[in-house]
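Asker: I'll drop the sequence and a predicted model, then ask my questions.
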Amino acid sequence: MVPSSPWRNSAAFAMLAIVTWAGPAPGAAQDPADVRRQLDESQIRLELIREERQQLRRELDGISGQVSGDSAELVNIERQIAASASVLAEFDIQLRVLTDQVTSMTGEMLRTRDELTARRVVLNGRLRDIYKRGPLRTVEVLLSSRSFSDLLNRYKYLHAVALFDRMLVEHVEDLARRVVDQRSRLSLETDRMALVRAENLREYDELERLERQRQRRLNTFSDRRAEAQSTLARLASEEAQLRGVIATLEERRRAAEREAGAATVSSLTTSDLGRLAWPVEGDILWRFGPERKGRTTIPREGVGIAAERDTPVSAVDRGTVASVVARASGQTVIIDHGGGFYSSYRKLRDVIVREEQEVQSGQVIGRVGGDATNPHIEFQIYEPGALGPRAVDPVRWLRGRP
């Protein structure tokens, strides 16, 4: 029986403290493998969405600037907005996983730190006891044994105390390492969460930019719709005025023929089909007949011919200048070729002939005008009809191009 002593009571207290504090392990954090799997899956989806959006941006670059691509551009922007919304959803998933992970790791670190504090209290108490009894106290305990069995019991007891002391020191060191490691991992996860949040904010900015771009496109469509309606009304008015002018000229011509008692002979005959020189060389912007653009139909009673501004425009055949009409959109020269045939040259910037002047085939009558960014003229030919002159496709009268 080992006698009761302050030394023995202190050692017993140490062992009891070790056993008492070796309670259940701190609450387990989320499974790192499961967290990593969720983040990896989200990242894969995120990369696929970003790749799709990058493709949409390349498509948009190809569409931009094309008048016919306006609707496709708006559809592309809508798809980019949907892709950005998906990106934000993936970021929300990542933030939720990372937030749960950081919360769990923070709790685990706090529990580990509390346990480390408690273990250090026990260890410090043991160190004080060891210091108080001095280096020879253990030998004294052994030498004061009353019998061999008492010696063995005391030795076993001292060995157990030393073993528990070593375990206590190792456990304190292990807890200290765990706290350092948990702080490091927590710092990495916190930094990663900050990066995801920063990317999330950039995505919100990108989404707002796309929303503004979409609104601008919608406003552009609205403006273009109003502009198209205005243009249609103006074109219809100008066409009606031109037809009215030609109808008036034709009535005068017929009245003059009746008064003279003889019909005028046209300088244009069917033998001239496909043989007349072009009034100006250039690409055809539009052809004869109604032109459909989206939901808008533009009347075309002639052909549009592109050319540099101030390029000379020539009469396609001889005749008399029947009318010179000035409008905001440009000046128009109408030539009477006799017999109900007329040629019209619209969108001229300058006119160098006057009404009732005789002109010859190839004679310069004016210069190219058109729009500020799209210089051109519009050329028309009218043939006699039962109800008066009617606009026909002028290309069939003009010389074929090589």
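Answerer: Great, that's in hand.

Asker: from here on, contacts and neighbour counts on C-alpha atoms
Answerer: Will do.

Asker: For this structure, name the helix or strand with the lowest mean pLDDT.
Answerer: Least confident helix or strand of the chain, by mean pLDDT, DSSP states H and E, is helix 6-21 with a mean of 44.

Asker: Who are the packing partners of the longest helix that the chain contains?
Answerer: The longest helix of the chain (DSSP state H) is helix 148-260. The contact analysis (3 or more C-alpha pairs under 8 Å, 6 or more residues apart in numbering; DSSP states H and E) places helix 148-260 against helix 6-21, helix 70-133, helix 137-143.

Asker: got any ranges where the stretch 151-300 of the chain has weak pLDDT?
Answerer: Applying pLDDT under 70 to the stretch 151-300 of the chain flags the ranges 221-233, 235-236, 263, 293-297.

Asker: one more time with 90
Answerer: Counting by pLDDT under 90, the stretch 151-300 of the chain has low-confidence residues at 151-272, 274, 289-300.

Asker: Just give the nearest non-adjacent residue to Ile93, would you?
Answerer: Leaving out its chain neighbours, the residue that sits closest to Ile93 by C-alpha to C-alpha, 6 or more residues apart in numbering is Ser42, at 7.3 Å.

Asker: The one you found: how many residues sit nearby?
Answerer: Look at Ser42: counted by other C-alpha atoms under 10 Å, it has 19 neighbours.

Asker: What of Leu210?
Answerer: 17.

Asker: quick revisit: what's the following helix or strand after the least confident helix or strand of the chain?
Answerer: helix 32-63 (DSSP states H and E).

Asker: elements contacting that following helix?
Answerer: Counting by 3+ C-alpha pairs under 8 Å, 6+ apart, the packing neighbours recorded for helix 32-63 are helix 70-133.

Asker: quick check, distance from the helix it packs on to the centre of its chain.
Answerer: The chain centroid and the centroid of helix 70-133 are separated by 32 Å, computed with C-alpha atoms, centre = their mean, to the nearest Å.

Asker: Go through the helices and strands packed on helix 148-260 and name the closest to Lys347.
Answerer: helix 70-133 (27.0 Å; C-alpha to C-alpha).

Asker: Correct me if wrong: Leu74 contacts Gln215.
Answerer: No: with contact defined as C-alpha atoms under 8 Å, Leu74 does not count as touching Gln215 (9.6 Å).

Asker: Between these two, point out the one with more neighbours.
Answerer: In this view Leu74 and Gln215 are compared by other C-alpha under 10 Å, and Leu74 has more residues nearby, 20 against 13.

Asker: and the more buried one, what does it touch?
Answerer: Arg214, Arg217, Leu218 (C-alpha atoms under 8 Å, 6 or more residues apart in numbering).

Asker: Show me the strands paired with the one helix or strand Val325 maps to, marking each as parallel or antiparallel.
Answerer: Here Val325 is covered by strand 319-327, with elements defined by DSSP H and E. Strands adjacent to strand 319-327 in the sheet, as given by DSSP bridges, are strand 330-338 (antiparallel), strand 358-359 (antiparallel).

Asker: ok, back up a step: how about the first helix or strand past the longest helix of the chain going along the chain, which residues are buried there?
Answerer: The element immediately downstream of helix 148-260 (helix or strand, assigned by DSSP H and E) is strand 284-286. Residues of strand 284-286 classed as buried under the neighbour-count rule (16 or more other C-alpha atoms under 10 Å) do not occur.

Asker: And stretch 181-189, by the same measure?
Answerer: For stretch 181-189, by 16+ other C-alpha under 10 Å, it's Gln182, Arg183, Leu186, Glu189.

Asker: mind checking pLDDT for the residue nearest to the last one when sequence neighbours are not counted?
Answerer: Meaning Glu189. The shortest distance from Glu189 to any non-neighbouring residue, by C-alpha to C-alpha, 6+ apart, is to Val102 (6.6 Å). Looking at Val102, its pLDDT is 83.

Asker: what bridges to Val303?
Answerer: Counting by DSSP bridges, Val303 forms beta bridges with Phe379.

Asker: ok, it - how many residues close by?
Answerer: Applying other C-alpha under 10 Å, we find 20 residues neighbouring Val303.

Asker: surely it meets Leu285?
Answerer: Yes: in this structure Val303 lies within contact range of Leu285 using C-alpha under 8 Å: 7.3 Å.

Asker: Starting from Arg309, give me the distance back to Ile381.
Answerer: Look at Ile381 and Arg309: by C-alpha to C-alpha, to the nearest Å, they are 23 Å apart.

Asker: Which one of the two is surrounded by more residues?
Answerer: A direct count of neighbours by other C-alpha under 10 Å for Ile381 and Arg309 places Ile381 higher, at 22 against 19.

Asker: That one - that's part of a helix, no?
Answerer: No: with DSSP: H, G, I helix; E, B strand; the rest coil as the criterion, Ile381 is strand rather than part of a helix.

Asker: what sits against it?
Answerer: By C-alpha under 8 Å, 6+ apart, Ile381 lies in contact with Gly302, Phe341, Tyr342, Ser343, Ser344, Ala391, Val392, Asp393, Pro394.

Asker: That one: what's its closest spatial neighbour, skipping adjacent residues?
Answerer: Ser343 (4.4 Å).

Asker: and the one you found, what does it touch?
Answerer: Ile334, Ile335, Asp336, His337, Phe379, Gln380, Ile381, Tyr382.

Asker: go with 6 Å
Answerer: Ser343 sits next to Ile334, Ile335, Gln380, Ile381 when contact means C-alpha atoms under 6 Å, 6 or more residues apart in numbering.

Asker: Is it bridged to anything, and to what?
Answerer: As for beta bridges, Ser343 partners with Ile335, Ile381 under DSSP bridges.

Asker: does Gly340 really touch Pro384, like I thought?
Answerer: Yes: using C-alpha atoms under 6 Å, Gly340 makes contact with Pro384 at a distance of 4.7 Å.

Asker: Those two: who's more crowded?
Answerer: Using other C-alpha under 10 Å, the more surrounded residue of Gly340 and Pro384 is Gly340, with 24 against 15.
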